[in-house]
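Trainee: Would you be able to build a 3D model of this:
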Amino acid sequence: MSTPPGWYADPQSPPGAAPAQRWWDGAAWTEHLAPVAPPVPPPAYAQPTYEQHATTPDGAPLAGWGVRLGAYLLDCLVLVPLYVLASVPFWRQIGDVVSDYLDEVNRSFDTNGPTPSGADLQNDLAHVILAIGLLWCAISLVYHVGFLMWKQATPGKLMLGLRVRRRDVPGPMPLGTVLVRWLTQFGPSLLNAIRYVGYLISVYQLLDGLWPLWDGKRQALHDKAARTNVVRTR
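Mentor: Below you'll find the model as predicted:
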């Protein structure tokens, strides 16, 4: 069986010469030469893009930052009135402390005495602010942990078709996972009453809320700590 016409490695190429191809016409070698085409390199490994990470490892679609923000705001519509009503007993204490401070300021003007500093007012309010902070954390703990254990979502998330789950394991989350998620999202608020530390907490909470915007797995910092994801159910 004869070799069909085509380009083949040049059998007449001298040793050490650049590799070349010679045309075989089906019966004999011709004088037509061509350089050997360089090998085509394999395609470079493509890094996964943000959109390629839009599901959990088992294929559940991830919630975007915008819908998560919407769910958070809906939850605030429920929590803020509860928080305000529960903190009513502390309003009188705050009013008494501020009123006493203003009386001392007026007295200092009348007697030309030393004016009380704002730091004194902050120190007098510290225990009331701490109590209000603990009350807020208690309400938040019952609300978020209770609903995540019961429905795997808060009411705001339920209204927008979202659920919270472990990233690698579908279904309800264990209590430990839910507690870690709450502690790393809302627990730092307990430190807001500490002077200067509150600024750092505010920066952390801002980063935590914005992190899904650029994170490949669409996780907030508290999601990363608990190894969870917010997924869409519709």
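
Trainee: Secondary structure class of residue 231, three-state.
Mentor: strand (DSSP: H, G, I helix; E, B strand; the rest coil).

Trainee: Can you pull the phi/psi pair for residue 217?
Mentor: Backbone geometry at residue 217, expressed as degrees, to the nearest 10, gives phi -100, psi 10.

Trainee: So it sits against residue 167, correct?
Mentor: Yes. Using CB atoms under 8 Å, residue 217 makes contact with residue 167 at a distance of 7.1 Å. For every residue, glycine as well, the C-beta is placed using N, CA and C.

Trainee: The longest strand seen in the chain pairs with which strands, and in what direction?
Mentor: Determined from DSSP state E, the single longest strand within the chain is strand 29-35. Applying DSSP bridges, strand 29-35 is found paired with strand 20-24 (antiparallel).

Trainee: Need the contact partners of the partner strand.
Mentor: In this structure, residues lying in contact with strand 20-24 by CB atoms under 8 Å, 6 or more residues apart in numbering are 3, 5-13, 29-30, 32-36.

Trainee: Which parts of the protein belong to which domain?
Mentor: The chain breaks down into these domains under automatic domain parsing: 6-30, 61-87+132-232.

Trainee: Same list, these, but as JSON lines with mean pLDDT please.
Mentor: As requested, the domains of the chain are arranged in JSON lines below (pLDDT from 0 to 100):
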{"stretch": "domain 6-30", "mean pLDDT": "79"}
{"stretch": "domain 61-87+132-232", "mean pLDDT": "92"}
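
Trainee: for those, which one ends up most surrounded?
Mentor: Highest mean neighbour count of the domains of the chain: domain 61-87+132-232, a mean of 16 (counted as mean count of other CB atoms under 10 Å).

Trainee: before we move on, the earlier item: relative to residue 99, which of the domains of the chain is closest?
Mentor: Residue 99 lies closest, by CB to CB, to one member of these: domain 61-87+132-232, at 17.9 Å.

Trainee: I'd like to know how far residue 93 sits from residue 124.
Mentor: To residue 124, residue 93 is 10 Å away according to CB to CB, to the nearest Å.

Trainee: so what's the nearest residue to residue 34 once chain neighbours are set aside bridging to?
Mentor: Distances taken as CB to CB, 6 or more residues apart in numbering place residue 21 nearest to residue 34, at 4.7 Å, with adjacent residues excluded. Judged by DSSP bridges, the bridge partners of residue 21 are residue 9, residue 34.

Trainee: Quick one: residues in contact with stretch 55-63.
Mentor: Outside stretch 55-63, the residues that reach it (CB under 8 Å, 6+ apart) are 53-54, 162, 165, 167-168, 170, 217-218, 229-232.

Trainee: Turn these into TSV, columns for distance to residue 181.
Mentor: What follows is the contacts of stretch 55-63, written out as TSV (distance: CB to CB, whole Å):
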residue	distance to residue 181
53	20
54	21
162	14
165	11
167	12
168	15
170	16
217	15
218	15
229	11
230	10
231	14
232	18
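
Trainee: Return the member of those nearest to residue 211.
Mentor: Nearest to residue 211 among those, counting by CB to CB, is residue 218 at 9.1 Å.

Trainee: ok now do the closest one, which residues does it touch?
Mentor: 53, 54, 62, 63, 64, 65, 212, 229, 230.
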